[in-house]
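Participant: Sequence first, then the predicted structure:
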Amino acid sequence: MDFPAFQPSPWHLLFTSPLLFPHQFNPENYVHWTQTPQSHIFSADLPGVKKEDIRVEIEDSIYLIIRTEAAADSREPRRSFMRKFRLPSMVDTNGISAGYEDGVLIVTVPRSFVRRGFHIDPTDLPARLELLARAA
């Protein structure tokens, strides 16, 4: 039994052609993420946004939030931006740095080579544990 040779469809050439889409399309709130052996790097194009209006926050030591907050008294139309990223477990949240230059925000999250974990110190436990409820 002979099988015909596999012939890929030519449609993928049409939809990825630079002639059809001459400019790369990135949404307005696109944040580019790259990683190096030392850190994770988030970069966002925020043209026309003042440095004072940008907020970079850490929520619950798990999420990185990048947002813009325009002042209410500005005459320009308010343009809001907010992206939330879940951080990997092995990052140093105390060493996060951010820089804003020429309309580009770059946030660097250094890697930690010590895993974050939950630690209970045995000296903090009461001497006698009380039974609050029985299992069914």
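Facilitator: Alright, I've got the coordinates.
Participant: Mind jotting down where the helices sit in the protein?
Facilitator: 11-15 (DSSP state H).
Participant: Please, where are all the strands along it?
Facilitator: With DSSP state E, the ranges of strands along the chain come out as 31-35, 39-45, 54-59, 63-68, 81-86, 97-101, 104-110.
Participant: Show me the one of those strands that comes nearest residue 121.
Facilitator: Nearest of those to residue 121, taken as C-beta to C-beta: strand 54-59 at 24.3 Å. Using the backbone N, CA and C atoms, a C-beta is placed for each residue, glycine as well.
Participant: partners of that closest one, with directions?
Facilitator: According to DSSP bridges, strand 54-59 forms sheet pairs with strand 63-68 (antiparallel).
Participant: Residue 32 versus the nearest residue to residue 45 once chain neighbours are set aside, what's the distance?
Facilitator: Counting by C-beta to C-beta, 6 or more residues apart in numbering, residue 45 lies nearest to residue 104, which is 5.8 Å off, once chain neighbours are set aside. Separation of residue 104 from residue 32 (C-beta to C-beta, to the nearest Å) stands at 10 Å.
Participant: Overlap in contacts, those two.
Facilitator: Contact criterion C-beta atoms under 8 Å, 6 or more residues apart in numbering; residues shared by residue 104 and residue 32: 43-44.
Participant: Let's have the strands of the chain in TSV, adding distance to residue 123 and mean pLDDT.
Facilitator: What follows is the strands of the chain, written out as TSV (distance: least, C-beta to C-beta, whole Å; pLDDT from 0 to 100):
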stretch	distance to residue 123	mean pLDDT
strand 31-35	39	88
strand 39-45	36	91
strand 54-59	29	90
strand 63-68	32	90
strand 81-86	33	88
strand 97-101	36	92
strand 104-110	32	92
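Participant: In CSV: the ones you listed, plus mean neighbour count.
Facilitator: Output for the strands of the chain, formatted as CSV (neighbours: other C-beta atoms under 10 Å):
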stretch, mean neighbour count
strand 31-35, 12
strand 39-45, 17
strand 54-59, 14
strand 63-68, 16
strand 81-86, 13
strand 97-101, 12
strand 104-110, 18
